[in-house]
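Novice: below is the sequence, then the predicted model.
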Amino acid sequence: PDVGLDDLYRDILLDHYRSPRNHGQLDERATHGADGSNPLCGDELRVELAVEDGAIADVAIDGRGCSISQASASMMSVYVRERGTDEALRAVETFQQMMVAGETPPEDFADIEALMGVAKFPVRVKCASLAWKTLEQALTSSNGPESAVTTDERSMGDD
Ligand code: ZN
């Protein structure tokens, strides 16, 4: 049964990788944005957000890199769309707990659960975490749509 589960997770990952959700740019509609990079693997990601009344009205992702980094970005975009910014920031913490402490994700994480298997591989954790770190940077930076973050700056999951 474990093998079947892994296959299911792999299928979910590949689906998000091949058909990323919310892919593109928001251009002038973006109120927040950040460029993230994971130099270890060569993953790059831009996250743009249109925040209205404390909620993420729209989100766009654009990047290149390994399947885990890009699938994670797609999943993240689905999760945060039409959620409050505070809720999105809490989800960054929840994701970190899932990756670092191996905690079972909440039910509303849906497809994101497929990344749980990545927690066993610290190098891949940086790939999976890129989307969430970039989201956090976009939400917390005072630079509007222009800011940058790298997974090497404040490491997630390697202690
Ligand atoms: Zn990667």
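Specialist: Cool, got the structure.

Novice: let me know the pLDDT of the residue most central in space within the chain.
Specialist: When C-alpha atoms, centre = their mean is applied to the chain, the residue found nearest the centroid is residue 131 (2.7 Å). We have a pLDDT of 98 for residue 131.

Novice: distance from the chain centre to the helix or strand hosting it, please.
Specialist: Assessed by DSSP states H and E, residue 131 sits inside helix 122-140. Put simply, helix 122-140 sits 6 Å off its chain's centre (C-alpha atoms, centre = their mean, to the nearest Å).

Novice: again, but for stretch 9-26
Specialist: So, by C-alpha atoms, centre = their mean, the centroid of stretch 9-26 is 11 Å from its chain's centroid.

Novice: before we move on, what about stretch 82-96?
Specialist: On C-alpha atoms, centre = their mean, the centre of stretch 82-96 falls 11 Å from the chain's centre.

Novice: so for that stretch, mean pLDDT?
Specialist: 97.

Novice: picking that back up, flag every buried residue along the helix holding residue 131.
Specialist: Buried residues in helix 122-140, counted by 16 or more other C-beta atoms under 10 Å: 124-139. Every C-beta, even on glycine, is put in place using the N, C-alpha and C of the backbone.

Novice: one more: stretch 80-100?
Specialist: Result for stretch 80-100 [16+ other C-beta under 10 Å]: buried residues 80-81, 83, 85, 88-89, 91-92, 94-96, 98-100.

Novice: that's all I had, so thanks and see you.
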